[in-house]
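> Okay, here's the prediction I keep looking at, along with the sequence it came from:
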Amino acid sequence: MNSKKGEFYTAGKFAGKAGVTLRTIRYYDKKDLLKPTEYSESGYRLYSDQDFAVLQKILTLKFMGFSLEEIKMVMKEDSDKIDFKHSLHIQKHAIERKMENMAQILKAINETEQMLDSEDTLDWNKFIFIIKAINLEKISVQQFKNAANLKNRINLHDKYSTNKQGWHRWLFERIPFFKGAKILELGCGDGSFWLKNKDRLPKQCEITLTDISEGMIEDAKNNLVDMEKSFTFKVMDAQNITFQDSQFDIVIANQVIYYIQNREKVFLEINRVLKPKGVFYTATNGKNHMDELFSMVERFRDKIIFPTIKKINEFRLEDGETQLEQWFYPVQIYRYKDSLKVTEVEPLMDYVLSSPSNLNEILNEKDFEELKELFKNNIEKHGYMFITKDTGVIEAKKR
């Protein structure tokens with residue numbers, strides 16, 4: 001796997017061997033995506049064999065529909081480890097999903113073309129099917145982005161939270177796990193909740209982790225590989241839970257419900273799969289969560305939109321009880337006391353760029369630099385940037 005020691009290529013030879021232009025290599029260097037491994041005594045860029053793996057990943061992500069800023073975040077996340085097998089595994093699944101979606105789109109277009117040649121009456125549903133197939137392709141790319149971006153959002157909280165207990169440890173203590181319980185987590189992400197509590201997993205429990213994103217499930221499997229016997233993994237949409245009635249003692253949805261469009265269907269499904277005395281634990285945020293950060297960015301350019309904030313506002317700590325009470329009673333809210341004191345600019349930029357928004361459509365390279373300067377000035381003025389954390393968990397017992 002390792003590059004041959006001492007074997008380096010000038011930028012021109014590296015570009016020629018990879019089949020890209022020298023201008024591309026220089027541009028990726030300028031964007032801090034692909035830096036030279038070394039420089040010659042004369043100052044020429046020198047690249048190693050391992051840099052081909054880096055270039056391959058950049059081009060794959062570009063093919064998947066990532067912007068250069070998004071690619072930069074993903075590359076930065078992987079910069080401390082050379083794990084080619086895991087990286088290729090995730091890319092393979094993403095490309096396979098893209099190929100499946102593209103095949104569906106091509107099939108739909110071919111069928112529509114044949115209809116136009118052979119039929120007098122148009123079936124407009126054929127065009128609707130093409131639209132849906134194209135939208136499915138967009139969703140697939142977004143799921144891959146979510147898997148790549150999640151760690152950037154988690155890292156900010158892990159590094160700068162004033163509550164040193166940590167969110168995942170606190171949440172674990174709010175849930176009364178017991179020996180032999182059957183547990184279902186919806187939207188497990190990369191499995192961080194269980195990884196952060198691996199020293200105290202409930203004994204003899206059956207834990208099923210699900211997520212709509214195959215990329216997330218692969219990340220969870222890799223993160224929990226040492227504890228794999230404790231878990232069952234399944235790609236699944238929370239709006240269509242594929243388990244029989246009354247199967248689980250505990251259902252967990254950690255910061256995921258506000259992403260789901262049809263929450264009533266999800267609550268109905270959760271109620272269905274819970275045992276008669278089962279309990280649903282759903283973590284969400286309050287109205288003031290991360291307000292200083294997002295307000296600052298939105299004031300920076302008034303056309304910037306963070307769709308996630310709007311979604312969170314549809315299911316908050318303040319109104320979650322009302323939405324749940326049709327299926328669950330009683331409902332109890334527990335708030336987690338915490339805030340952020342961020343002393344560095346880059347983690348703020350990573351967090352903002354990893355959050356769903358139209359930043360890349362609105363801001364150019366100069367704007368990004370100005371936004372960094374805005375964060376820097378705030379930190380220098382106060383010694384840190386203070387950000388409110390308003391989050392907690394809702395405990396809802398099956399009616």
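Yep, it's here. On a predicted model such as this, the values are computed, not experimentally measured, just so you know.
> Could you pull up the residues touching Gly383?
By C-beta atoms under 8 Å, 6 or more residues apart in numbering, Gly383 lies in contact with Thr343. All C-beta spots, glycine's among them, are computed from the backbone N, C-alpha and C.
> repeat for the one 5 residues further on
Thr388 makes contact with 288-292, 339, according to C-beta under 8 Å, 6+ apart.
> Including neighbour count, could the residues you listed go into JSON lines?
Shown next, in JSON lines, are the contacts of Thr388 (neighbours: other C-beta atoms under 10 Å):
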{"residue": "Asn288", "neighbour count": "14"}
{"residue": "His289", "neighbour count": "20"}
{"residue": "Met290", "neighbour count": "24"}
{"residue": "Asp291", "neighbour count": "15"}
{"residue": "Glu292", "neighbour count": "16"}
{"residue": "Ser339", "neighbour count": "14"}
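> Looking at those residues, which are in helices?
Among the contacts of Thr388, DSSP state H puts 291-292 in helices.
> just the contacts of Thr388 now: which is nearest Arg26?
Ranked by distance to Arg26 (C-beta to C-beta), the contacts of Thr388 are led by Met290 at 37.2 Å.
> ok, for the closest one, nearest residue in space, not its chain neighbours?
Closest residue to Met290 apart from its sequence neighbours, by C-beta to C-beta, 6 or more residues apart in numbering: Ile387 at 5.8 Å.
> Go through the contacts of Thr388 and say which is closest to Ile362.
Met290 (19.1 Å).
> Can you name the residues that contact that closest one?
Applying C-beta under 8 Å, 6+ apart, we find Met290 in contact with 387-389.
> sec struct for the closest residue to Met349 other than its chain neighbours, please.
Computed as C-beta to C-beta, 6+ apart, the closest residue to Met349 that is not its neighbour in sequence is Lys372, at 6.1 Å. Here Lys372 is recorded as helix under DSSP: H, G, I helix; E, B strand; the rest coil.
> What's the separation between Lys372 and Val345?
Taking C-beta to C-beta, to the nearest Å as the measure, Lys372 and Val345 are separated by 5 Å.
> Neighbour count for those two, which is higher?
Val345 (19 against 14; other C-beta atoms under 10 Å).
> Provide a list of residues in contact with the more buried one.
By C-beta under 8 Å, 6+ apart, Val345 lies in contact with 372, 375-376, 379.
> can the residues you listed go into JSON lines with extra columns for distance to Tyr39?
Listed next are the contacts of Val345 as JSON lines, based on distance: C-beta to C-beta, whole Å:
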{"residue": "Lys372", "distance to Tyr39": "26"}
{"residue": "Phe375", "distance to Tyr39": "31"}
{"residue": "Lys376", "distance to Tyr39": "29"}
{"residue": "Ile379", "distance to Tyr39": "32"}
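> how about CSV for those, with pLDDT added?
Shown next, in CSV, are the contacts of Val345 (pLDDT from 0 to 100):
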residue, pLDDT
Lys372, 91
Phe375, 95
Lys376, 95
Ile379, 96
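> Can you tell me which of those is closest to Ala238?
Phe375 (34.9 Å).
> C-terminal to the host helix or strand of that closest one, which secondary structure element comes first?
Using DSSP states H and E, Phe375 falls within helix 365-382. Where DSSP H and E defines the elements, the next helix or strand beyond helix 365-382 is strand 385-398.
> and after the lowest-mean-pLDDT helix or strand in the chain, which helix or strand comes next?
The weakest-scoring helix or strand in the chain, judged by mean pLDDT, DSSP states H and E, is helix 307-312 (a mean of 60). Proceeding N to C from helix 307-312, the next assigned helix or strand is helix 320-324, under DSSP H and E.
> Show me how far that next one is from its chain's centre.
Between the centre of helix 320-324 and the centre of its chain there are 26 Å (C-alpha atoms, centre = their mean, to the nearest Å).
> what comes up buried for that helix?
With burial defined by 16 or more other C-beta atoms under 10 Å, the residues of helix 320-324 counted as buried are 320-321, 323-324.
> now, among the residues you listed, which is nearest to Met102?
Checking those against Met102 with C-beta to C-beta, the nearest one is Gln323 at 37.9 Å.
> show me what contacts that closest one?
Taking C-beta under 8 Å, 6+ apart as the test, what Gln323 contacts is 263, 267, 315.
> what about whichever strand or helix holds the second one, distance to the chain center?
Right, Phe267. Using DSSP H and E, Phe267 sits in helix 263-273. Put simply, helix 263-273 sits 23 Å off its chain's centre (C-alpha atoms, centre = their mean).
> ok, back up a step: from what I see, the residue nearest to Met349 and Pro347 are in contact.
No - Lys372 is not in contact with Pro347 according to C-beta atoms under 8 Å; the separation is 11.6 Å.
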